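Colleague: pasting the sequence and the predicted model now:
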Amino acid sequence: MKFLRFLLFPFSILYFLITSIRNILFNIGVLKETSFDTPIIIVGNLSVGGTGKTPQIEYLVRLLKNNFKVSVLSRGYKRKTKGYVLVDNSHTFEDVGDEPLQYFKKFSSINVAVNENRVEGVQKLLSEKEQDVILLDDAFQHRKIKGSFYILLTKFNDLFVDDYLLPTGNLRESRSGANRADVIIVTKCPLNLEKRRQKVIRNRLLKFNKPVFFTSISYANTIVGEKNININDLKKYQVLLITGIANPLPLVTFLEEKEVFFKHLEFSDHHNFTEAEIVKIENEFNTIKGDDKIILTTEKDYTRLFGKVKKLNYIEIETVFLDHKNEEFNDIFNVHIQENQC
């Protein structure tokens, strides 16, 4: 497969020229970037695929929500609506997308909106709600809006410096796009990642002259849903695992380490489950013998499966900084917020 993608390298050169010219036009002001007085925090990546943007946005929400009026703006990937929508209790994932609905249900004190036009979305949020900070989810390449602080995410086992432009690789733009970042976060690291290995990665990112942090995913101690189950008791159950995310391997590995017996049905990222697939899930679940059995999914998938299947449960995740570097990151971030308040 990799060899076949390298045959597409001439198209990557064309893609490089197009994206580079676009960035140059923004950099010199030929194409307009819209700025705002309110701090606009942009979280994104250079590559396609899951780098942990959702838990990073949630980390920022937890950091800010007690002291500031916070909003999250997303494009609402795979929603069936168009334009600006301020999320409320009447909306489903089909109206606003799975991740915005997850933010809304998880944090009652924040505003969540979707708009494919980020400039218009920010303008509408500012006109409707009093805002201290607006978090833009997956907007690193959305150059029409000028962020005040850029957080670039890159996966530990798939660093952007090792990747190539589409279609040969998975980069949305060239590696030089990292120069727009204020901090670079290496996500989905092993919890026990050695300092020596961290230094090697830092040295590879040194030319971008940005603070580099390392994070991992922490799973909650309780499975939530039809019945709450302590994670250590989950091995007493037979589990049908349903995932529709970019990379389910960390969750699969976590369950294996917890000695959980499970069968895995894997779907594509942001998958919209059809009636036939729901029937397939129910049939698979019914083949599992015994009473101590559950369907387990991710928090994001739960927004798309809730009300469609029985005995549905999910596990929450959080971003954790390695070596207690969260305080260093928080200091950098909080200074920016304080210096950019109206």
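Modeller: Structure received.

Colleague: helices of the protein, start to end?
Modeller: 2-6, 9-27, 53-64, 93-96, 98-106, 118-128, 195-204, 249-257, 275-287, 299-305, 326-339 (DSSP state H).

Colleague: can you tell me, leaving aside adjacent residues, what's nearest to residue 148?
Modeller: Spatial nearest neighbour of residue 148, chain neighbours left out: residue 39 (4.7 Å); criterion: CB to CB, 6 or more residues apart in numbering. Every C-beta, even on glycine, is put in place using the N, C-alpha and C of the backbone.

Colleague: then residue 213?
Modeller: Closest residue to residue 213 apart from its sequence neighbours, by CB to CB, 6+ apart: residue 185 at 4.9 Å.

Colleague: pLDDT score assigned to residue 138?
Modeller: Turning to residue 138, the model gives it a pLDDT of 94.

Colleague: offset the numbering so it begins at 43, please.
Modeller: In the new numbering, first residue 43, that becomes residue 180.

Colleague: counting neighbours, what do you get for it?
Modeller: Around residue 180 there are 19 other residues, counting by other CB atoms under 10 Å.

Colleague: that one and residue 272: what is the separation?
Modeller: 33 Å (CB to CB, to the nearest Å).

Colleague: tell me the strands in the stretch 93-242 of the chain, going along the chain?
Modeller: Along the stretch 93-242 of the chain, counting by DSSP state E, counting those that start in this stretch, strands occupy 112-116, 127-128, 153-156, 175-179, 191-197, 225-229.

Colleague: who wins for proximity to residue 379 among these?
Modeller: strand 175-179 (6.2 Å; CB to CB).

Colleague: what's the neighbour count on residue 127?
Modeller: Neighbour number of residue 127 under other CB under 10 Å is 20.

Colleague: what sits against the closest residue to it other than its chain neighbours?
Modeller: Excluding the flanking residues, the one nearest residue 127 by CB to CB, 6+ apart is residue 156, at 5.1 Å. Shown in contact with residue 156 (CB atoms under 8 Å, 6 or more residues apart in numbering): 115-118, 121, 123, 126-127, 129, 138-139, 142, 163.

Colleague: and for residue 342?
Modeller: Counting by CB under 8 Å, 6+ apart, residue 342 touches 96, 140-141, 144, 286-287.

Colleague: same list (these) but as TSV, adding neighbour count.
Modeller: Shown next, in TSV, are the contacts of residue 342 (neighbours: other CB atoms under 10 Å):
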residue	neighbour count
96	23
140	28
141	27
144	23
286	22
287	22
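
Colleague: and the residue nearest the centre of the protein?
Modeller: For the chain, the residue nearest the mean C-alpha position is residue 95 (2.3 Å; CA atoms, centre = their mean).

Colleague: weakest of the helices of the chain in terms of mean pLDDT?
Modeller: The minimum mean pLDDT among these belongs to helix 44-48 (a mean of 70).

Colleague: tell me the spacing between the nearest residue to residue 268 once chain neighbours are set aside and residue 272.
Modeller: Nearest residue to residue 268, sequence neighbours excluded (CB to CB, 6+ apart): residue 353, at 5.3 Å. Residue 353 sits 17 Å away from residue 272, taking CB to CB as the criterion.

Colleague: got it, and residue 182?
Modeller: Residue 182 is 38 Å from residue 272, where distance means CB to CB.

Colleague: quick one, domains of this structure?
Modeller: 44-56+73-110+174-260+362-381, 263-357 (automatic domain parsing).

Colleague: and the end-to-end length of the last one?
Modeller: Domain 263-357 has an end-to-end distance of 8 Å (CA to CA, to the nearest Å).

Colleague: swap in stretch 353-365?
Modeller: First-to-last distance for stretch 353-365 - CA to CA - comes to 38 Å.

Colleague: hmm, back to that, and the contacts of residue 342, which is closest to residue 251?
Modeller: The closest of those, once distances to residue 251 are taken by CB to CB, is residue 96, at 27.9 Å.

Colleague: can you tell me how far the closest one sits from residue 86?
Modeller: From residue 96 to residue 86 the distance is 12 Å (CB to CB).
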